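Enquirer: Fold the following and give me the result.
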Amino acid sequence: MSRVRGKNTTPEMRTRQCAHAMGLRFRLHREDLPGKPNLVFPKHRLVVFVHGCFWHRHPQCSKASFPKSRTECWQAKFDANITRDSRVAQKLETMAWRVKIV
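Expert: Presented below is the predicted three-dimensional model:
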């Protein structure tokens, strides 16, 4: 678990490269916003979260595997992540930010 990174992951870096290549400018991991979004486009009032399939459990995702041991512990952790993700998105939307999840 110590090797699980929260910042500068491969999917996040690829998303950043695409946005930059399109000429979009952004800020990274702004701590003054709920959930510390991966990318923040202040000019467009847009935040982007780059969520991993394993941790965030997107519906109908084929890459979201489930550990075979301690299943009840993992299920509680995944449920908490899903609840937190929706709570953060609602909070940002009430602050007039658009939320996108990659």
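Enquirer: Provide a complete list of residue ranges assigned to helices in the chain.
Expert: Along the chain, the segments classed as helices by DSSP state H run 10-21, 53-56, 71-94.
Enquirer: V47: neighbouring residues, count only.
Expert: When neighbours are counted by other Cβ atoms under 10 Å, V47 registers 28. The way it works is simple: take the backbone N, C-alpha and C, and place the C-beta from them, glycine included.
Enquirer: and it, what does it touch?
Expert: V47 makes contact with L33, P37, L39, V40, F41, L92, W97, R98, V99, K100, according to Cβ atoms under 8 Å, 6 or more residues apart in numbering.
Enquirer: from those residues, which single one is nearest K77?
Expert: P37 (21.3 Å; Cβ to Cβ).
Enquirer: on that earlier part again, for the contacts of V47, which single residue is the most surrounded?
Expert: Going by other Cβ under 10 Å, P37 tops the contacts of V47 with 24 neighbours.
Enquirer: Surely that one is in contact with V50?
Expert: No. P37 lies out of contact with V50 (Cβ atoms under 8 Å); the separation is 9.1 Å.
Enquirer: And the lowest mean pLDDT element among the helices and strands of this structure?
Expert: Using mean pLDDT, DSSP states H and E, helix 53-56 stands out as the lowest-scoring helix or strand of the chain, at a mean of 73.
Enquirer: and S69, how many neighbours does it have?
Expert: Using other Cβ under 10 Å, S69 is surrounded by 6 other residues.
Enquirer: phi, psi of it?
Expert: With angles defined as degrees, to the nearest 10, S69 sits at phi -110, psi 150.
Enquirer: Retrieve the pLDDT associated with it.
Expert: In this model, S69 is scored at 87, pLDDT.
Enquirer: Next: V4.
Expert: Confidence at V4, expressed as pLDDT, is 62.
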